[in-house]
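Enquirer: Structure for the following, please:
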Amino acid sequence: MKDPKFLQQSPPSQWIRYLIATETLWTAPLVVLAFASLARWTVALNPYSGYEAPPLFGDYEAQRHWMEITTHLSPKQWYHYNLQWWGLDYPPLTAYHSWLCGKIGGWIQSDWFALDISRGYESPESKFFMRSTVYISELLIYIPAVFVFCQMVYGSQGYLKKHVSVILILLQPALIMVDHGHFQYNCVMLGFSLWAILGLLSRHYILGSIAFCLALGFKQMALYYSPVIFAFLLGRCFTEGKKGLLLFIKLGMTVLTTVGLLFWPWLKDFNELGQVLHRIFPVARGLYEDKVANVWCTLNVLLKLRQILTLEATMKLSLVATLCAVIPISLHVGIYSSRRRFLYALVNSSLAFFLFSFQVHEKSILLPLLPVSLLVLEEPVAANIMVNTAMFSMFPLLKREDLVLPYFITVILWNWLSGIQNMEDFTSQCLIWGPQSVFFIWHVLESYVPSPSHLPDLYSVLNAIISCSVFGLLFSYFIYRQFTLVLPKKDIKIKLQ
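Expert: Have a look, this model is predicted:
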């Protein structure tokens with residue numbers, strides 16, 4: 001090991017690498033976890049969605065309100081009760097999670113979740129409890145999955161590489177900003193999704209299927225991964241020989257049982273079940289609820305699709321476009337399965353849904369960011385561009401919630417840790433700094449040059465167009481990588497290259 005004095009003349013990122021490399025086997029994960037936890041709690045000190053913003057407040061109040069209604073009402077009332085005030089519109093596992101958090105919080109202080117009279121409750125103690133529920137949920141579900149993934153993929157490639165990958169995944173700024181800043185529980189859905197990926201990659205198909213059903217049962221956005229996961233499992237059934245039919249039956253029974261248990265309180269009444277599904281998959285908001293960096297919002301600037309097409313026509317258009325993008329991706333990974341190709345296919349499927357599907361929210365970019373983060377050491381340039389573009393695309397949302405300072409700090413921190421300043425390849429430097437230069441110019445103009453009075457949303461629209469363009473290029477690149485990936489013959493079936 002080099003003498004620590006060499007760090008005096010080394011780039012700052014070498015301090016992190018040296019610290020990890022010199023720790024013992026059991027303390028290094030604690031150092032990584034402590035660093036990731038510090039970043040999360042520092043962001044949590046800032047405002048959140050709806051902070052001191054009556055009358056409806058924001059996503060923070062939605063999550064708090066769901067804890068309120070699930071702990072005071074029967075499950076059959078959860079999807080009916082006062083839908084004008086943040087009516088529950090996520091699948092049952094979110095409701096069960098809210099019930100558990102609400103029960104614990106109500107035991108600590110009943111005023112936090114008193115039915116009807118606690119709306120907009122924002123005491124310092126209740127806010128600390130709410131922030132803690134996000135951190136503990138992530139600590140129990142998402143963070144262990146990240147450690148297991150990096151051990152499985154990089155454990156044989158060196159102690160340092162394994163922990164560098166962990167810290168880059170856990171410090172990915174978009175998830176930190178949305179969950180610990182804006183305030184949501186995407187870490188639960190992404191954590192279950194990652195456990196599903198681990199199950200499939202390690203040939204524990206039944207456990208992987210259960211984990212993915214739990215991801216879908218927490219947030220319906222996990223559907224972005226479903227075509228690829230279905231194709232991958234179906235491909236396994238065909239390649240397992242005589243065991244394939246048995247595996248197919250086991251998978252079918254597993255999915256039906258898991259989904260049945262999640263929806264059990266509503267299965268006896270089809271009207272109640274229909275109400276749950278209607279709340280989970282609303283269509284009235286259409287394609288253009290916000291300035292999202294997808295194809296439809298970008299095209300609407302030029303073609304005014306909102307005036308040309310009806311709601312039904314836009315639904316059909318987005319469905320056809322999404323299927324045309326997703327089907328080839330899924331068929332390819334189903335026929336030519338491998339670990340690495342599977343990860344690329346997850347990126348491509350989720351990016352296709354983000355770019356072309358119906359009712360996309362800017363926070364949905366977290367879904368393609370998960371598999372991209374898992375490829376951060378394999379695709380450092382593409383991962384860097386993806387992370388920075390995702391953060392840039394969410395800036396208008398984060399600015400509305402006074403999260404500008406943690407936005408810049410988390411972005412700078414992640415770029416520093418990823419070591420892009422040390423890249424010697426000129427092409428890589430150009431690919432990374434090109435988009436970032438555009439983002440920098442946009443930030444300067446947005447801060448110092450007011451938008452024209454007749455174009456109040458000018459910067460938000462430009463942000464969506466720029467982000468969508470970069471996402472489109474990244475989508476093309478990852479498609480190319482999936483379809484041209486060459487594996488050694490011994491790795492064709494399942495091993496990671």
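Enquirer: in stretch 301-317, what counts as buried?
Expert: Neighbour-count burial for stretch 301-317, counted by 16 or more other C-beta atoms under 10 Å, picks out Leu305, Leu309, Thr314, Met315, Leu317. Heads up, the C-betas are built off the backbone N, CA and C, glycines and all.
Enquirer: Include pLDDT and distance to Asp116 when you put those into JSON lines, please.
Expert: As requested, the buried residues of stretch 301-317 are arranged in JSON lines below (pLDDT from 0 to 100; distance: C-beta to C-beta, whole Å):
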{"residue": "Leu305", "pLDDT": "75", "distance to Asp116": "41"}
{"residue": "Leu309", "pLDDT": "77", "distance to Asp116": "41"}
{"residue": "Thr314", "pLDDT": "80", "distance to Asp116": "37"}
{"residue": "Met315", "pLDDT": "82", "distance to Asp116": "36"}
{"residue": "Leu317", "pLDDT": "88", "distance to Asp116": "42"}
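Enquirer: biggest separation within those, which pair?
Expert: Leu305 and Met315 (12.4 Å; C-beta to C-beta).
Enquirer: okay, Phe212: pLDDT?
Expert: We note a pLDDT of 97 for Phe212 in this prediction.
Enquirer: And for Thr254?
Expert: Each residue has a pLDDT score; the one for Thr254 is 96.
Enquirer: Let me know the helix or strand that the most centrally placed residue in the chain is in.
Expert: Among the residues of the chain, the one closest to the centroid is Leu366, at 2.7 Å (C-alpha atoms, centre = their mean). In the assignment (DSSP states H and E), Leu366 maps to helix 366-374.
Enquirer: same question, Cys150
Expert: Element membership of Cys150 [criterion: DSSP H and E] is helix 143-154.
Enquirer: Could you list the buried residues of that helix?
Expert: Ile143, Ala145, Val146, Phe147, Phe149, Cys150, Val153, Tyr154.
Enquirer: now the fourth one: how far from Leu30?
Expert: Just to be clear, that refers to Phe147. Phe147 sits 11 Å away from Leu30, going by C-beta to C-beta, to the nearest Å.
Enquirer: Equivalent analysis for the last one, please.
Expert: Taking C-beta to C-beta as the measure, Tyr154 and Leu30 are separated by 18 Å.
Enquirer: ok, longest helix in the chain?
Expert: Secondary structure of the chain per DSSP state H: the longest helix is helix 458-484.
Enquirer: for that helix, packing partners?
Expert: helix 295-303, helix 311-335, helix 339-356, helix 380-393, helix 395-400, helix 426-448 (3 or more C-beta pairs under 8 Å, 6 or more residues apart in numbering; DSSP states H and E).
Enquirer: neighbouring contacts of stretch 141-153?
Expert: For stretch 141-153, the surrounding residues in contact (C-beta atoms under 8 Å, 6 or more residues apart in numbering) are 29, 33, 36, 162-163, 165-166, 169-170, 187-188, 190-192, 194-195, 197-198, 201-202, 339, 374, 496.
Enquirer: before we move on, the earlier item: Cys237: which of the helices and strands packed on helix 458-484 is closest?
Expert: Using C-beta to C-beta, the nearest of the helices and strands packed on helix 458-484 to Cys237 is helix 311-335, at 9.8 Å.
Enquirer: Would you mark the buried spots in that closest one?
Expert: Buried residues in helix 311-335, defined by neighbour count with 16+ other C-beta under 10 Å: 314-315, 317-318, 321-322, 325-326, 329-330, 332-334.
Enquirer: for the record, mean pLDDT for stretch 108-123?
Expert: 92.
Enquirer: buried residues in it?
Expert: Buried residues in stretch 108-123, counted by 16+ other C-beta under 10 Å: Trp112, Phe113, Ser118, Arg119, Tyr121.
Enquirer: Make CSV out of the residues you listed and add secondary structure and distance to Val381.
Expert: Shown next, in CSV, are the buried residues of stretch 108-123 (DSSP: H, G, I helix; E, B strand; the rest coil; distance: C-beta to C-beta, whole Å):
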residue, secondary structure, distance to Val381
Trp112, helix, 46
Phe113, helix, 47
Ser118, coil, 48
Arg119, coil, 47
Tyr121, coil, 46
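Enquirer: Would you mind checking which of those residues is nearest to Pro456?
Expert: Pro456 has its nearest neighbour among the buried residues of stretch 108-123 in Arg119, at 30.6 Å by C-beta to C-beta.
Enquirer: does that closest one really touch Asn82, like I thought?
Expert: No. Counting by C-beta atoms under 8 Å, Arg119 does not reach Asn82; the two are 9.9 Å apart.
Enquirer: residue ranges with poor pLDDT in this protein?
Expert: 1-26, 282-291, 420-424, 487-497 (pLDDT under 70).
Enquirer: go with 50
Expert: Within the chain, the ranges that satisfy pLDDT under 50 run 1-12, 15, 490-497.
Enquirer: got the contact list for stretch 340-353?
Expert: By C-beta under 8 Å, 6+ apart, the residues outside stretch 340-353 that reach it are 197, 200-201, 223-225, 227-229, 231-232, 322, 325-326, 329-330, 332-333, 360, 364, 367-368, 370-372, 374-375, 378, 471, 474-475, 478-479, 481-482, 485, 487, 496-497.
Enquirer: Quick check: which element contains Ile176?
Expert: In the assignment (DSSP H and E), Ile176 maps to helix 173-176.
Enquirer: tell me, how many neighbours does the closest residue to Phe475 other than its chain neighbours end up with?
Expert: Closest residue to Phe475 apart from its sequence neighbours, by C-beta to C-beta, 6 or more residues apart in numbering: Leu351 at 4.7 Å. Counted by other C-beta atoms under 10 Å, the residues lying close to Leu351 total 29.
Enquirer: Pull up the gap between Leu351 and Cys468, please.
Expert: From Leu351 over to Cys468 the distance is 11 Å, taken as C-beta to C-beta.
Enquirer: Gln482 against Ile329, yeah?
Expert: Yes. In this structure, Gln482 is within contact of Ile329 by C-beta under 8 Å, at 6.9 Å.
Enquirer: before we move on, back to that, turn the buried residues of stretch 301-317 into CSV, columns for distance to His97.
Expert: Shown next, in CSV, are the buried residues of stretch 301-317 (distance: C-beta to C-beta, whole Å):
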residue, distance to His97
Leu305, 37
Leu309, 37
Thr314, 32
Met315, 30
Leu317, 35
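Enquirer: if we can go back for a sec, from the contact counts, what lies against the helix holding Ile176?
Expert: Applying 3+ C-beta pairs under 8 Å, 6+ apart, we find helix 173-176 packed against helix 28-44, helix 186-201, helix 366-374, helix 380-393, helix 404-418.
Enquirer: Let me have those in TSV, adding distance to Val292 as columns.
Expert: TSV is the format used below for these (distance: least, C-beta to C-beta, whole Å):
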stretch	distance to Val292
helix 28-44	23
helix 186-201	16
helix 366-374	13
helix 380-393	8
helix 404-418	18
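Enquirer: For Lys243, which of these is the nearest?
Expert: Closest approach to Lys243 among these is made by helix 186-201 (16.1 Å; C-beta to C-beta).
Enquirer: Tell me which other helices or strands that closest one touches.
Expert: Judged by 3+ C-beta pairs under 8 Å, 6+ apart, helix 186-201 is in contact with helix 124-137, helix 143-154, helix 173-176, helix 205-218, helix 226-239, helix 339-356, helix 366-374.
Enquirer: mind redoing it with 6 Å?
Expert: Counting contacts by 3 or more C-beta pairs under 6 Å, 6 or more residues apart in numbering; DSSP states H and E, helix 186-201 is packed against helix 143-154, helix 205-218.
Enquirer: a markdown table for those, including distance to His72?
Expert: Output for the helices and strands packed on helix 186-201, formatted as a markdown table (distance: least, C-beta to C-beta, whole Å):
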| stretch | distance to His72 |
| --- | --- |
| helix 143-154 | 31 |
| helix 205-218 | 22 |
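Enquirer: Thanks a lot, catch you later.
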